[in-house]
Each structure stands twice: as C-alpha cells, then as structure tokens.
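Trainee: one predicted model, sequence on top.
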Protein chains: 2
Amino acid sequence: MIDTPYLLFLGDAPDQLAAKVAQGIRDWRPDNVIGQFRMDGCKADVKVADMDLAGAKASGAKTLVVGVANRGGVISSSWKRVLIEALAEGFDIASGLHNLLNDEPDLVAVAKEYGRTLHDVRIPTVDYPIANGVKRSGKRCLAVGTDCSAGKMYTALAMDKEMKARGLKSSFRATGQTGILVTGDGVPLDAVIADFMAGAVEWLTPDNDEDHWDMIEGQGSLFHVSYSGVTMALIHGGQPDALILSHEPTRTHMRGLPSYSLPTLEQLRDTALPLARIANPKAEVVGISVNTAALGEDEALQCLADIEKRMGLPTADPFRQGAGRLCDALEAM
Amino acid sequence: MIDTPYLLFLGDAPDQLAAKVAQGIRDWRPDNVIGQFRMDGCKADVKVADMDLAGAKASGAKTLVVGVANRGGVISSSWKRVLIEALAEGFDIASGLHNLLNDEPDLVAVAKEYGRTLHDVRIPTVDYPIANGVKRSGKRCLAVGTDCSAGKMYTALAMDKEMKARGLKSSFRATGQTGILVTGDGVPLDAVIADFMAGAVEWLTPDNDEDHWDMIEGQGSLFHVSYSGVTMALIHGGQPDALILSHEPTRTHMRGLPSYSLPTLEQLRDTALPLARIANPKAEVVGISVNTAALGEDEALQCLADIEKRMGLPTADPFRQGAGRLCDALEAM
C-alpha cells in the first residue's frame, strides 16, 4: 500500500505521452495528487500545481511517484539527484520502471538512512496463496479483450468512476503497474509466480458486501498466445459475475504477433463465458467496450451501432461516451 | 542440465511411496541410474544395486539425486551428513524438495569448496523469453486433463518410450520437478513468472526435425481454477499438433476443490481444442488416456471400452495396457 497523497514526478519528459502514468493518476484519482515536479526541459504537463519538494511536503504529500517513462531503461543521474533529495525530504518513492529503485544501491542506502520506503510496483511483495476457488461474496466485473491493450484498464476505471458517481459501492482492483500507481495498491499479476496467479487475484478481490462491485483490471487476452495464461488466471481467480468484451476495431493483427489475426467478438464471447462459468456458474457477458480512438466521430458511432446490433449487447466507447450504459447493464443484473 | 548417471538417494524413506521420485527415474530412465544409496532404516527399494558414495563414484556416477520426500519439510541432520560427504566425494546434488539445497548455508559452502553444483529443480535458472508465437518445425503432443494428477506425466513418458521403441524420434519434455529429475532437464513451469510461462514452453520445445515428436508433460487442468493459467500457457506455448485427453474416472470432485465437479471428456475436448487451434490451427484430439488404477481389471476394461465407444477415439490406460494405441494415433496423423 503506497501512502497518498502523491507528488507526481514528471522528470525531463520529452513529450506528453512519456508522462502517461502521471496523467492516468491525475485523471482517475485527482484527490490523490498534490502537485507535479518538473525538471528543466520537461515537455509534459498534467495540469496540476508545479511544486518543489519542500513545498509539496509542506502541503502534505507523502510519496513521490515516478509518473514518467525513462529513456534507455536507466534511471539517469539527473533523476537520481531529485530522488535522493526527495528521500532526504521525507518522501517515499513509488515506481513502475523496469529499472528497479531497489536495484540502485545509493537509493537503497539513502532510503534506509531516512527510514523511507522504495515501492517497485512491478515486483510482488506479498506471498500470495494458491487459489482455493471458494465462492466469495460481493459482485465482480472483468473486461476481457479480443487482444492485449484493447482498453480494458480504461474501461474498468471508467466504470468504477461511474458506479461511484451513482452512489453505488465499487472498487477498482489494479492488476498492472499503472493501475497500481493510480490507486496505491493492487497485484502486479504479470510478475507473479505461475502457481499463485489465480490465488493473487482471489487475494485482491476478497469477500465484500453483496451489493459491492469489484472492477477488476484485465490483462492480456485468451487469444494472445504470449499472455493467455495470465488472462485465464484472472477469469478463474476473479470469479466474475459480469464480463465486458473489449475490442479495438482497426487492429490488423494481434499485438506483437504479426501472423495471428484477431478473433471476432462472437469467438471471444463463446470462449470466455464457458471458462468463466467454471468458477462462477452465474457469469454473464453484459456489454461491449470498444476503443474507437482511431476513428472519426461518425465512423466511431457507426461502428458502435453496428456491433451493438450484431451482438445484441450494450456497446460503448467509455472514453468517447462514458461508461453509463455499461454500468446500467451491471445494475440490471 | 543435470549430469548423469545418477546415484539415487533414498535416505531413510519410511515406505516405498516416499521414494516415488527415485522409482520414476528407475522406471523411465534406467540407463541414467548407477545405484541406490540407502541409510539405516530405509524401507524403500527401487531394485538397483546398493552402493556407498565411493563405490558409486568409482562406477561413474556424477550426481546424487534426492529421490525421496522429506518428512516435515526439512533436510534432516542425518541426510545432511550424507549430502556433505557426497559433495566432498565429487558428486553434484539434485533435488526437487521444497526445502532448497541452496538455502542451506553449509551445503552451499561445501559445494563451493569442492566446485560442485546444487541443482534445485523447483527453481528456474534460465531467463525465459516472452512467447513469440512463431510456428516451430517438428511435431508436439500434449496431454490435457479433466483434473490435475490424472496421469498426464505418466502418459507422456509412456508414449515417449513407445515411440523410441518403434525407432521413431521422440523427446519427453519435462515441465515439473519429477519429470526434470527423471530426464535431467526441463522447465519447472509452476515456478516461472507469469509473463514468461508460454515463452518457457516455447524454449523447452524448439524447432526440430519434421518427423520428431516432443511429448510435452502436461500440468494442471483448464477446469482447475487454481492452475488453469499454467495449463493455458502450455497449450499456447506448446503449439501441440496432438492432444491426448487424460481422465481419472473415480474422482468425485476436482483435486483440492470439494465444491467443483469434474468436466466431462466432451467438455474437455470442446474447451481445449479451440484454444489449441489459436496457436496451431492443425491441432487435433487424437486419443484418450484413462488412469484406471482404482478399478479392478474387468471394470477397467469396461470403462475404457465405454469411453472409446462414446468418444470415438482410441482410449487406453498406458499403465495397464501400454501406450501403443495412443502412439498409433500419432503415427496415423
């Protein structure tokens, strides 16, 4: 569990895209954000107050979150100077970088000296159990994709936000680095040991009030041969009551696999639902989320209408249209 | 890769079952075995020459393999004395125990002193790649079960032995601790990090001659919610051409999951085959292996005949009847 609120470290981000983790935190958990720290030459701006370390500390910030991708996969010496100063100032640091904070001896030494914590959210810190398959109380929703990176995290975050806006009980359950930094906790599922994947998901989504929804962040795809095992563990560990099908309509092949074509939404439905019913016989596919970012407005609306007609399920692009109709489908269950 | 031949360490095994790893090595790779080392009070015997360390070394043994389960999960002091003497005598040691050899400082120190290797086959020692899904040359066979522990390893070992007896090209590809000790290498798949599971299986079963069969050891079950992700990675990383359905007909619920009933063989076929065809469009279900150990001879033969008639596929218990008909099915492809 990462202490909030955050000061977002944007470093010397070369463009806005490099700061997408910071942007995600800003978009989905603005209450967790005190301000942003930008170094000279930073080209990103997530539109919160610029602060120095002392100022942010005085305003109550607890953790400096690395909200920017690093170039070349290393923590540069200019970043390092800021991170060390932050530890001395009393901040914990959280990062999802491949270059782990805990692999940097100087950061480790300074953190120890000041009694601070270095959170590498790519690395599990919990000894997860082996899944026991026991039915848990409360409701769970999981997005499954025709491919990786089809908008599953965005869908879960948007649905969680909408459910809360309606005064309903909902928790976003992060299973990846960005999601964990957004919410402050979760399971880095792709880094969990094989035998404990489904157990980690059970741990992440424990018994809850019967009218509470866990919005579980999806990973991979049953049709993506590199990561399908992770998706399978989410379906069986998550025991979803509701499945959302996620799709990106302009993709020509599976991400990173040029010789693999995408399944149809019908194939995804007919594959995922029987597998989900092994763990939860009441599971249903309740809606479709389509990432239409690559389409113009008219084309996007036509695409959504076509899919809705074909599949007979509420179909929306949560970014373009909000998650209202997908949440209606949950409420109707 | 563990150096062969082996001296099998049976320790003070309280009964024959405790030495089942040693028995497996003896049954499946007798050429790898020089002899057995039994301590006072050992109640197991795998019917090979009893040897002391010096005698086995003089006969060419390279590795002392812990072929016995330990009581209480710890390496006892009486075992420890033998293991240390073996290192001094010039043996490597290999073990699949939960209590890792490499977690014992005295063993580590002595191994270092004598330049010997401690193989803990539960722990991956390779940085496996992420799966790339590229079609590999050669043929592959994978057993998938209605449940865990339904006889998948035995089936793969028996089919490998039969294929070799026919003069055909075949390799057993181990994915679990026992299989790795039997053959001297493999991937401890349940201990691999989630993102690399399918890649580890690709690494294990590389390009090969077009008429060569990899007999891949199965793990878990698509219907076992604790381990289904591991099974999924085997199906997609393994790219099997041939699937064998494995079943234990007397089981009343999924292993360790009292509230889960077993799927039918039809459900298993209809679930596994479409998933396998994502990675290998030519995949076929070619036979059924039934573990009839809990049935008497007449009952077993009736059970096998009933399943064969119902499913329309060659059905055999490889332990009771040999793997001939299953291998016929591979040859007929």
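Mentor: Okay, I see it. The shown structure was predicted, so the numbers you read here are calculated from the model rather than taken from an experiment.

Trainee: where do the helices sit along the stretch 201-333 of chain A?
Mentor: Counting by DSSP state H, counting those that start in this stretch, the stretch 201-333 of chain A has helices at residues A:228-238, A:265-279, A:297-311, A:318-321, A:324-331.

Trainee: now for the second one, which elements pack on it?
Mentor: Spelled out, that is helix A:265-279. Here helix A:265-279 touches strand A:139-145, helix A:228-238, strand A:242-247, strand A:284-290, helix A:297-311, helix B:265-279, going by 3 or more Cβ pairs under 8 Å, 6 or more residues apart in numbering or on different chains; DSSP states H and E. Quick note: C-beta positions are derived from backbone N, CA and C, even for glycine.

Trainee: how many residues are close by A:V285?
Mentor: Per other Cβ atoms under 10 Å in any protein chain shown, the neighbour tally for A:V285 reads 21.

Trainee: kindly state the beta-bridge partners for it.
Mentor: On the basis of DSSP bridges, A:V285 takes part in beta bridges with A:L243.

Trainee: chain B versus the nearest residue to A:S289 once chain neighbours are set aside, what's the distance?
Mentor: Beyond its immediate neighbours in the sequence, the residue positioned closest to A:S289 (Cβ to Cβ, 6 or more residues apart in numbering or on different chains) is A:T155, lying 4.3 Å away. Here A:T155 is placed at a distance of 22 Å from chain B (Cβ to the nearest Cβ, to the nearest Å).

Trainee: put the alpha carbons of the helix or strand A:T155 falls within into CSV.
Mentor: Under the criterion of DSSP states H and E, A:T155 resides in helix A:152-165. Provided in CSV are the C-alpha atoms of helix A:152-165 (Å, rounded to 0.1, in the frame of the first residue of the first chain):
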residue,chain,number,x,y,z
LYS,A,152,-9.6,-3.0,-20.5
MET,A,153,-8.0,-0.8,-17.8
TYR,A,154,-9.6,2.3,-19.1
THR,A,155,-13.0,0.5,-19.1
ALA,A,156,-12.6,-0.7,-15.6
LEU,A,157,-11.6,2.7,-14.3
ALA,A,158,-14.4,4.5,-16.1
MET,A,159,-17.0,2.0,-14.9
ASP,A,160,-15.7,2.3,-11.3
LYS,A,161,-15.9,6.1,-11.5
GLU,A,162,-19.4,6.0,-12.9
MET,A,163,-20.6,3.5,-10.3
LYS,A,164,-19.2,5.7,-7.5
ALA,A,165,-20.9,8.8,-9.1
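
Trainee: report the buried residues of that helix.
Mentor: By 16 or more other Cβ atoms under 10 Å in any protein chain shown, the buried positions in helix A:152-165 come out as A:K152, A:M153, A:Y154, A:T155, A:A156, A:L157, A:A158, A:M159, A:D160, A:K161, A:E162, A:M163.

Trainee: tell me what the next helix-or-strand element following that helix is packed against?
Mentor: Counting by DSSP H and E, the next helix or strand C-terminal to helix A:152-165 is strand A:169-173. Applying 3+ Cβ pairs under 8 Å, 6+ apart, one finds that strand A:169-173 makes contact with helix A:152-165, helix A:177-183, strand A:212-216.

Trainee: what's the closest non-adjacent residue to the residue most central in space within chain A?
Mentor: Centroid-nearest residue in chain A, with Cα atoms, centre = their mean: A:G179, separated by 2.9 Å. The shortest distance from A:G179 to any non-neighbouring residue, by Cβ to Cβ, 6+ apart, is to A:E217 (4.7 Å).

Trainee: I'd say A:V48 and A:Q36 touch.
Mentor: Yes. Here A:V48 reaches A:Q36: they are 5.1 Å apart, a contact under Cβ atoms under 8 Å.

Trainee: shared neighbours, those two?
Mentor: A:L8 (Cβ atoms under 8 Å, 6 or more residues apart in numbering or on different chains).

Trainee: higher neighbour count, the two?
Mentor: Between A:V48 and A:Q36, counted using other Cβ under 10 Å, the more crowded position is A:Q36 (24 against 17).

Trainee: separation between the more buried one and B:M51?
Mentor: A:Q36 sits 70 Å away from B:M51, going by Cβ to Cβ, to the nearest Å.

Trainee: go on, A:E210?
Mentor: Using Cβ to Cβ, A:E210 is found at 64 Å from B:M51.

Trainee: between these two, which is the more surrounded one?
Mentor: Between A:E210 and B:M51, counted using other Cβ under 10 Å, the more crowded position is B:M51 (19 against 9).

Trainee: circling back: let's have the helices and strands packed on strand A:169-173 in JSON lines, adding distance to A:V134.
Mentor: Listed next are the helices and strands packed on strand A:169-173 as JSON lines, based on distance: least, Cβ to Cβ, whole Å:
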{"stretch": "helix A:152-165", "distance to A:V134": "24"}
{"stretch": "helix A:177-183", "distance to A:V134": "25"}
{"stretch": "strand A:212-216", "distance to A:V134": "16"}
